[in-house]
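In: Output the structure for:
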Amino acid sequence: MKDAKTALIIGAGPAGLTAAYKLLEQSEILPIIVEKELFVGGISRTVNYKENRIDIGGHRFFTKNKEVKKIWNEIMPIQGKASIDDKLLGNVKPVFPGGPDPEKEDTVFLIRRRVSRILYLRKFFDYPITISFKTISNLGIINTLRAGAGYAWSVVVKKKEDSLENFYINRFGLSLYKMFFKDYTEKVWGKDPSELSATWGAQRVKGLSLTKAILAFILKPLKNIGLINSNVETSLIEEFIYPKKGPGQLWETMADAIKENGGKIIYNAEVEKIVLVDDKIDTVSCKMNGENVEFKADLILSSMPVSDLVKSFDATIPETVYKVATELPYRDFITVGLLVNKLKLKNTTKIKTISNIVPDCWIYVQEPDVKIGRLQIFNNWSPYMVNDFKKNVWIGLEYFCNEGDALWEMDDDEFIKFAIDEVVKIGIVEREDISDYTRIKVKKAYPSYFGSYDQFDIVKDYLNSIENLYCIGRNGQHRYNNMDHSMLTAIEAVNTIISDGDKIRVWNVNTEGKYHEN
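Out: Numbers count the residues shown, from 1 in each chain. Have a look, this model is predicted:
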């Protein structure tokens, strides 16, 4: 591997870009990225609609990993002066001496407050759920007693964690599970939680439970004044950094750095055929502008969906491997951007905001009578995401679906009308306050943990047997990764290439404790 001269990287998302960035930094290997779209960032891109920007899926930049932090700060420094909304509101935040002024420079991370709540029974609940006076008031005494009894029982009697349903019940109790997890999880994955693997919960929720959520709430004042250690479960963080103009800005800036340092990024290049010879990838053919273009490289780093990767192989593949890989499930995603004059939701918090809008970045919509899963308020991610943040509120309505189902197949006008009807129904906005809208569809946004996934190790072992192939990123490993995890798979792949190490390390960054997901 030490004599390798070129690496073909499939996909210009966080993993693919990080791999190219690190190869240029640590080796003489030339990275060439092929990207089927005309943009970088993958699902972490920013969509610009009439100077109103949409963060696809919402991306908090937070990690406990020093190497990821180092890369982020190399690409984009943290603000040294207050952002426009903090100036107007008189907010005082810690800034970095010598850092950029976001009012004068664009390439800058902002320090943002994390506020996420749950909308259930047309009321706001803390996220994660805490047992507070507000929660009791919202639920009512009977539901609260049921929740308390259910949680107490779950502490004493543990279920076998052979499903996501049992995973949640063990941590929150049956009543809270039914109120706050069951319906929402089914919205996201299209499956009852009893049919989903507990792996998803173990990866995403990790050590969080009702006990830890309550403990974090109680100990918060002591953490704020530094009397106890500030390490918290990632689900409970209160601040994060965020690019001035959305997550895609970071990846666009990284792409520029890659090109400036000699790397190549080829757009509109969709992989169609990968020829294997003697357990090595020989050539990769891409469709570009209606023509097939063939690439040869010493190394292949793939962040394309595993199902598509295996389908593209021009070789004799074990039947079981092909079947498991091509039947891997995914969840697709639709966002509707709505530009509104104001929200119907009232800000009853003590958090000051421009125009006194609710302070949430994300709202988890647990209402069972609508299909919308989450709602983003982009003004709160960054005021620079909105063309006129003083006049308008720019929101994103998020839906989870499957390619080819009824939601996916609706035309844009029909779907936008459907989405507007839902948010009017649950009291988010008034119809007459909506001034503009757009719809964005994303295929294979979320690798899913059901169906043939329980046999995925067969596929992983086969892919690892291909000598010059390294699978990285969310879709490349069929794992519901966050940005820092995706980056770490790429970092570990580069380290493995340089050291001629064991490729299994690329898959095991989580279990080896080399990163924490956000």
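In: Report the distance from stretch 87-95 to the chain centre.
Out: Averaged C-alpha coordinates place stretch 87-95 at 28 Å from its chain's average position (C-alpha atoms, centre = their mean, to the nearest Å).
In: Start from the N-terminal end of the stretch 201-350 of the chain and give the strands.
Out: For the stretch 201-350 of the chain, strands defined by DSSP state E, counting those that start in this stretch occupy the ranges 239-243, 264-266, 270-277, 280-288, 291-295, 299-302, 313-314, 330-340.
In: What mean pLDDT does the shortest one get?
Out: The one in question is strand 313-314. The pLDDT scores in strand 313-314 average 97.
In: Tell me the helices and strands packed up against that strand.
Out: In terms of contacts (3 or more C-beta pairs under 8 Å, 6 or more residues apart in numbering; DSSP states H and E), strand 313-314 is packed against strand 270-277. C-beta here means a position set from N, CA and C on the backbone, and glycine is covered the same way.
In: List the strands paired with the strand it packs on, with their directions.
Out: The pairing partners recorded for strand 270-277 under DSSP bridges are strand 280-288 (antiparallel), strand 313-314 (parallel).
In: which one of the ones you listed lies closest to residue 390?
Out: Proximity to residue 390 (C-beta to C-beta) singles out strand 280-288 among the strands paired with strand 270-277, at 44.0 Å.
In: which residues are contacting that closest one?
Out: 8, 10, 34, 266, 268-276, 292-297, 300, 466-469 (C-beta atoms under 8 Å, 6 or more residues apart in numbering).
In: quick check: angle from that strand to strand 291-295?
Out: Angle of strand 280-288 versus strand 291-295, following axes from the mean of the first three to the mean of the last three C-alpha atoms, to 10 degrees, is 150 degrees.
In: Can you list the buried residues in strand 280-288?
Out: 281, 284, 285, 286, 288 (16 or more other C-beta atoms under 10 Å).
In: Check the gap between the first one and residue 301 for me.
Out: In this structure, residue 281 lies at 11 Å from residue 301, with C-beta to C-beta, to the nearest Å as the measure.
In: ok so, going back, just send the strands of the stretch 201-350 of the chain back as a markdown table, with distance to residue 66 too.
Out: What follows is the strands of the stretch 201-350 of the chain, written out as a markdown table (distance: least, C-beta to C-beta, whole Å):
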| stretch | distance to residue 66 |
| --- | --- |
| strand 239-243 | 15 |
| strand 264-266 | 27 |
| strand 270-277 | 34 |
| strand 280-288 | 33 |
| strand 291-295 | 34 |
| strand 299-302 | 23 |
| strand 313-314 | 37 |
| strand 330-340 | 31 |
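In: Nearest to residue 409, out of those strands?
Out: Closest of the strands of the stretch 201-350 of the chain to residue 409 is strand 330-340, at 11.1 Å (criterion: C-beta to C-beta).
In: hmm, back to that, report the two of the buried residues of strand 280-288 separated the most.
Out: Going by C-beta to C-beta, the pair spanning the buried residues of strand 280-288 furthest: 281 and 288, at 18.6 Å.
In: Redo the buried residues of strand 280-288 as TSV? Include pLDDT and distance to residue 485.
Out: Shown next, in TSV, are the buried residues of strand 280-288 (pLDDT from 0 to 100; distance: C-beta to C-beta, whole Å):
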residue	pLDDT	distance to residue 485
281	98	25
284	98	25
285	98	30
286	98	27
288	95	30
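In: ok so, going back, looking at the strands of the stretch 201-350 of the chain, which is nearest to residue 189?
Out: Ranking those by proximity to residue 189 (C-beta to C-beta) places strand 330-340 first, at 6.0 Å.
In: Enumerate the positions of the closest one that are buried.
Out: Neighbour-count burial for strand 330-340 flags 330, 331, 332, 333, 334, 335, 336, 337, 338, 339, 340 (criterion: 16+ other C-beta under 10 Å).
In: quick one: contacts for the fourth one?
Out: When contacts are counted by C-beta under 8 Å, 6+ apart, residue 333 touches 43, 56, 57, 398, 399, 400, 401, 441, 442, 445, 446.
In: The second one reaches residue 443, doesn't it?
Out: No: the criterion here is C-beta atoms under 8 Å, and residue 56 misses it with residue 443 at 11.9 Å.
In: Of these two, give the one with the bigger neighbour count.
Out: residue 56 (23 against 11; other C-beta atoms under 10 Å).
In: Would you mind checking the average pLDDT for stretch 72-79?
Out: For stretch 72-79, mean pLDDT rounds to 97.
In: Any stretches of the chain with poor pLDDT?
Out: Across the chain, the ranges flagged by pLDDT under 70 are 1-4, 131, 202-237, 510-518.
In: any idea which residue of it is furthest from its center?
Out: Going by C-alpha atoms, centre = their mean, the residue of the chain most distant from its centre is residue 278, 36.7 Å out.
In: Is it possible to get TSV of the contacts of residue 333 that adds distance to residue 411 and secondary structure?
Out: Listed next are the contacts of residue 333 as TSV, based on distance: C-beta to C-beta, whole Å; DSSP: H, G, I helix; E, B strand; the rest coil:
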residue	distance to residue 411	secondary structure
43	23	helix
56	20	coil
57	23	coil
398	19	strand
399	15	strand
400	19	strand
401	14	strand
441	11	strand
442	17	strand
445	20	strand
446	23	strand
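In: Roughly how far does residue 302 sit from residue 377?
Out: 35 Å.
In: who has more neighbours, these two?
Out: residue 302 (30 against 24).
In: which residues touch the more buried one?
Out: Contacts of residue 302 by C-beta under 8 Å, 6+ apart are 9, 10, 11, 309, 469, 470, 471, 472, 476.
In: repeat that with 7 Å
Out: 10, 309, 469, 471, 476 (C-beta atoms under 7 Å, 6 or more residues apart in numbering).
In: what's the nearest residue to the third one if we skip its chain neighbours?
Out: The spatially closest residue to residue 469, leaving aside those adjacent along the chain, is residue 300, at 5.0 Å (C-beta to C-beta, 6 or more residues apart in numbering).
In: Look up the residues forming beta bridges with the one you found.
Out: Here residue 300 shows beta-bridge partners residue 8, residue 469, assigned using DSSP bridges.
In: Mark out where each domain of this structure begins and ends.
Out: 6-43+250-328+450-507, 60-114+238-245, 121-221, 330-447 (automatic domain parsing).
In: quick check, residue 33 in a helix?
Out: No: Residue 33: not assigned to a helix; according to DSSP: H, G, I helix; E, B strand; the rest coil it is strand.
In: Walking through the stretch 351-500 of the chain, point out its strands one by one.
Out: Taking DSSP E, counting those that start in this stretch to define them, one finds strands in the stretch 351-500 of the chain at 362-365, 374-377, 393-401, 434-447, 469-471.
In: Nearest to residue 107, out of these?
Out: Taking C-beta to C-beta, strand 393-401 is the member of the strands of the stretch 351-500 of the chain nearest to residue 107, at 21.8 Å.
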